[in-house]
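Chemist: the following block contains a protein sequence and its predicted model.
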Number of protein chains: 2
Amino acid sequence: MRKPPAQRALSPLHRFKAEFFKALGHPVRLAILDALREGEKSVNQLVEELELEQPSVSQQLSVLRQRGFLQARKEGTSVYYRTTDPTVYAFLDLGRAIFERQLKTQSDLLSELQEGSPQP
Amino acid sequence: MRKPPAQRALSPLHRFKAEFFKALGHPVRLAILDALREGEKSVNQLVEELELEQPSVSQQLSVLRQRGFLQARKEGTSVYYRTTDPTVYAFLDLGRAIFERQLKTQSDLLSELQEGSPQP
DNA sequence: GGTATACATTTGAATATTGCAATATATAAC
DNA sequence: GTTATATATTGCAATATTCAAATGTATACC
């Protein structure tokens, strides 16, 4: 049998989708999205609410904006961010439901991460 | 002796959720999940269908299994994988609408850059 | 016993991402 | 112009992830 070519056969669609999920695979970015559920907020508001350094917040805001999750509005020296498509929250909530079911099934992973003493 | 990290305020929930999304942030893993929409398949079936090397497929299957997305069933020398929770497909499909809108935004930005508009 | 098949794991180098500090930019008020 | 405030960007070491080859394990068949 012929050997399958190495990773070349992957559809570009799966590559783009992976980028989409990777953008959500960061705790600060998820925290920012959650903070913006209530409506648009300035960078400074986010910095205070999330108790993070300003450059860290700006950095992750930039990622979310470049990916199209967020839009920015400038007012004076402040920049207000809002979610481009609120559907993303239904998406995140559905993800959370699945995620919580996985934690129930995977209680060993949970306890390992919480207590740092895995079972042999 | 170590300085406390500046990101200590992040909730553990956001950290766990980020891991959840990171597991989906890989083209091969997405391709595997899509291939298993039709039902359980052996590793060999997946290798042939996706045209990837066997170790690559096994490696990503392992990630999806450890995260709780997949379950394995052994039969002879074959191992059949299936999705633990089919709700994940509703989740992936919901993500597609958001993702496609962002893809359009991306391509708009790309063509804007390609058509020779000088930088501001 | 040996051989073949199916799958998993380990290894290591290339690559990507992160966290944090320093620096840059833009606007407002003076 | 200067100063202050708000935000963005850059630079880089540390860390994490990926890719693919090599190796390991388990089962079936002879």
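Modeler: Okay, I see it.
Chemist: what's downstream of the helix or strand where A:F21 lies, the next helix or strand?
Modeler: Per DSSP states H and E: A:F21 is located in helix A:12-24. Next helix or strand after helix A:12-24 toward the C-terminus (DSSP H and E): helix A:27-35.
Chemist: give me the angle between that following helix and helix A:12-24.
Modeler: 80 degrees (axes from the mean of the first three to the mean of the last three C-alpha atoms, to 10 degrees).
Chemist: can you tell if the helix or strand that helix A:27-35 is followed by touches DNA strand C?
Modeler: Next in sequence after helix A:27-35, counting helices and strands by DSSP H and E, comes strand A:41-42. No. Using C-beta under 7 Å from any atom of the strand, strand A:41-42 stays clear of DNA strand C, coming no nearer than 13.3 Å. In this view, the C-beta of every residue, glycine as well, is placed from N, C-alpha and C.
Chemist: which residues of chain A lie near DNA strand D?
Modeler: A:6-7, A:42-44, A:47, A:54-55, A:58-59, A:61-62, A:72, A:77-80.
Chemist: do stretch A:53-70 and chain B meet?
Modeler: Yes. Using C-beta under 8 Å from any C-beta of the partner chain, stretch A:53-70 reaches chain B at A:E53, A:S56, A:R67, A:G68, A:F69.
Chemist: now the second one: which helix or strand?
Modeler: Spelled out, that is A:S56. Residue-wise, A:S56 maps onto helix A:54-66 under DSSP H and E.
Chemist: quick check: mean pLDDT across that helix?
Modeler: The average of the pLDDT scores along helix A:54-66 is 96.
Chemist: okay, the next helix or strand after that helix in PDB with CA atoms only?
Modeler: Moving toward the C-terminus from helix A:54-66, the next helix or strand (DSSP H and E) is strand A:70-75. Taking C-alpha atoms only, strand A:70-75 is exported to PDB below (Å, rounded to 0.1, in the frame of the first residue of the first chain):
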ATOM      1  CA  LEU A  70     -14.200  42.300  18.800                       C
ATOM      2  CA  GLN A  71     -14.600  45.700  17.400                       C
ATOM      3  CA  ALA A  72     -13.100  48.900  18.800                       C
ATOM      4  CA  ARG A  73     -14.500  52.400  19.100                       C
ATOM      5  CA  LYS A  74     -12.300  55.300  19.900                       C
ATOM      6  CA  GLU A  75     -13.500  58.200  22.100                       C
END
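Chemist: and the lengthiest helix in chain A with helix B:12-24, angle?
Modeler: When chain A is parsed with DSSP state H, its longest helix is helix A:87-105. Counting by the same axes, to 10 degrees, helix A:87-105 lies at 100 degrees to helix B:12-24.
Chemist: who touches helix A:87-105?
Modeler: For helix A:87-105, contacts defined as C-beta atoms under 8 Å, 6 or more residues apart in numbering or on different chains pick out A:24, A:30, A:33-34, A:37, A:69, A:83, A:109-110, B:16-17, B:20-21, B:67-69, B:84-85, B:87-88, B:90-91, B:94-95, B:97-98.
Chemist: switch the cut-off to 6 Å
Modeler: A:L110, B:F20, B:G68, B:D85, B:T87, B:V88, B:F91, B:L94, B:G95, B:I98 (C-beta atoms under 6 Å, 6 or more residues apart in numbering or on different chains).
Chemist: what about chain A, any weak spots by pLDDT?
Modeler: In the predicted model of chain A, residues A:1-9, A:105-120 satisfy pLDDT under 70.
Chemist: which residue is nearest the centroid of it?
Modeler: A:L24 (2.3 Å; C-alpha atoms, centre = their mean).
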